[in-house]
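Novice: Need a 3D model of the following:
(chains A and B)
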2 protein chains.
Amino acid sequence: MLLCDIGNTSYHFLDDTKEYKEDAKNFDPATIKEKVFYICVNPQAKSLLQNLVNWIDIAAFIDKTPYYTTMGIDRIVACEYIQEGIVLDAGSAITVDLVKEGVFQGGFIYPGIRAMQACYTNISSALAYPFNFELDLGKMPKNSTDAISYGYIKTLKGEVDALAHEVYLTGGDARKFAKIFPNAVVDERLLFKSMQKIIKKAKLC
Amino acid sequence: MLLCDIGNTSYHFLDDTKEYKEDAKNFDPATIKEKVFYICVNPQAKSLLQNLVNWIDIAAFIDKTPYYTTMGIDRIVACEYIQEGIVLDAGSAITVDLVKEGVFQGGFIYPGIRAMQACYTNISSALAYPFNFELDLGKMPKNSTDAISYGYIKTLKGEVDALAHEVYLTGGDARKFAKIFPNAVVDERLLFKSMQKIIKKAKLC
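Specialist: As a prediction, this is how the structure comes out:
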């Protein structure tokens, strides 16, 4: 079974057990002839996929009542997978969603590492430092690298910790954030696993 | 007395009691012939000011021992003004600095409103919403505007609140953040007041 999670920057495939990515800007989905089950948050990709009959959008097979209209399908699929906890999906954006007793409680969106790095750099060349994921979050910073790293990482961590639920880390930067959330469950294939569960439930395959 | 606080986007003047701003990209400081006491974090402006004898950099008259080398002079000047508390300076960047018993304890840097707005928009056109400063921070968002607003505002508020000190709000966006920190002291002229104090102490005028 070929699965694809299409984000803002890439087509992320899972072919049985093999994962690979294609750049969203250059990839032509018409080059794939076999059946693909996909989810997509990328408006450009959506229009390319519209007329390809072998690409099956699994969004149609999810009850979206508990969610909100403009919520990204990747977040919905992630929430569908857990019964209780927080899904932190660290991609080009970071989404943090809370699920209690199988019901979505709400969530927020924070910039991903690359976007936030560019954000600081755009403010001033004096802030063009890479983030330090090893910094001591227990004390206020006294150097520039840690001042922006703390601004990015500690504020997020504080909010996630305050939600007081088990954290499931997924997305391309999951392992970086695992340093910040040492008790989190890291599952880079959480979305694919959830897609498989939805496909099975809907008897699509 | 003419004072000037030069940031990344503008020259911010205080002429006795009258404030005005000039765009940092287009303004030529050589057009001013009277004496100006200034602070500057803008590298381009710094090189323009180097040979202008009527522009007096007050940075030289501050004991910078408690601070760190690459710390912006605007943050140092702000910290010099208070004995105890947090200075939150909301400009193109937001700086949050903690002072205890007159001594700087450290601080962090967070993107300003405009920079963070652009950051979300650059991730995806689906995140191009203005921030809602009226949102209910007590519950997890269930719409896109609040999801990014919460991501930007609540994470910052949580961290500032956790520092458990009186908050002094300054900078161009101080009034917007006053909605988020209702108990804060709003003082848009905090930097100028601190500059006046430093000038007086150093007997420059």
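
Novice: Not counting sequence-adjacent ones, nearest residue to residue A:202?
Specialist: Using Cβ to Cβ, 6 or more residues apart in numbering or on different chains and skipping the chain neighbours, the partner closest in space to residue A:202 is residue A:61 (3.9 Å). All C-beta atoms are positioned from the backbone trio N, CA, C, and that covers glycine.

Novice: That neighbour against residue A:197, yeah?
Specialist: No: counting by Cβ atoms under 8 Å, residue A:61 sits too far from residue A:197 to count as a contact (10.9 Å).

Novice: Which segments of chain A make up each domain?
Specialist: A:2-61, A:73-190 (automatic domain parsing).

Novice: End to end on the last one, go ahead and measure it.
Specialist: Domain A:73-190 stretches 14 Å from its first residue to its last (Cα to Cα, to the nearest Å).

Novice: The first one now?
Specialist: End-to-end distance of domain A:2-61 (Cα to Cα): 17 Å.

Novice: for the record, mean pLDDT for that domain?
Specialist: Averaged over domain A:2-61, pLDDT sits at 95.

Novice: Now do the contacts for the residue nearest to residue A:202.
Specialist: The contact partners of residue A:61, by Cβ atoms under 8 Å, 6 or more residues apart in numbering or on different chains, come to A:198, A:199, A:201, A:202, A:204.

Novice: can you redo those residues as TSV with neighbour count?
Specialist: Output for these, formatted as TSV (neighbours: other Cβ atoms under 10 Å in any protein chain shown):
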residue	neighbour count
A:198	20
A:199	17
A:201	11
A:202	13
A:204	14
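
Novice: Sort out for me which of those residues are in helices.
Specialist: Judged by DSSP state H, these include A:198, A:199, A:201 as members of helices.

Novice: need these in a markdown table with distance to residue A:129 and pLDDT, can you?
Specialist: Shown next, in a markdown table, are the ones in helices among the contacts of residue A:61 (distance: Cβ to Cβ, whole Å; pLDDT from 0 to 100):
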| residue | distance to residue A:129 | pLDDT |
| --- | --- | --- |
| A:198 | 41 | 97 |
| A:199 | 43 | 96 |
| A:201 | 46 | 94 |
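
Novice: In which helix or strand does the most centrally placed residue in chain A reside?
Specialist: The residue lying closest to the centre of chain A (Cα atoms, centre = their mean) is residue A:89, at 3.3 Å. Assigned by DSSP states H and E, residue A:89 falls within strand A:85-90.

Novice: What of residue A:148?
Specialist: According to DSSP H and E, residue A:148 maps onto helix A:144-162.

Novice: for the record, mean pLDDT for that helix?
Specialist: pLDDT averaged over helix A:144-162 gives 98.

Novice: Tell me if the helix or strand following that helix is near chain B.
Specialist: Next helix or strand after helix A:144-162 toward the C-terminus (DSSP H and E): strand A:167-170. No: Strand A:167-170 is not in contact with chain B by Cβ under 8 Å from any Cβ of the partner chain; minimum separation 14.5 Å.

Novice: tell me which residues of the helix or strand following strand A:167-170 are tucked away?
Specialist: Next in sequence after strand A:167-170, counting helices and strands by DSSP H and E, comes helix A:174-178. Under the neighbour-count criterion of 16 or more other Cβ atoms under 10 Å in any protein chain shown, helix A:174-178 has A:174, A:177, A:178 buried.

Novice: between those residues, which is nearest chain B?
Specialist: residue A:177 (14.1 Å; Cβ to the nearest Cβ).

Novice: residues touching the closest one, list them.
Specialist: So residue A:177 contacts A:88, A:90, A:169, A:184 (Cβ under 8 Å, 6+ apart).
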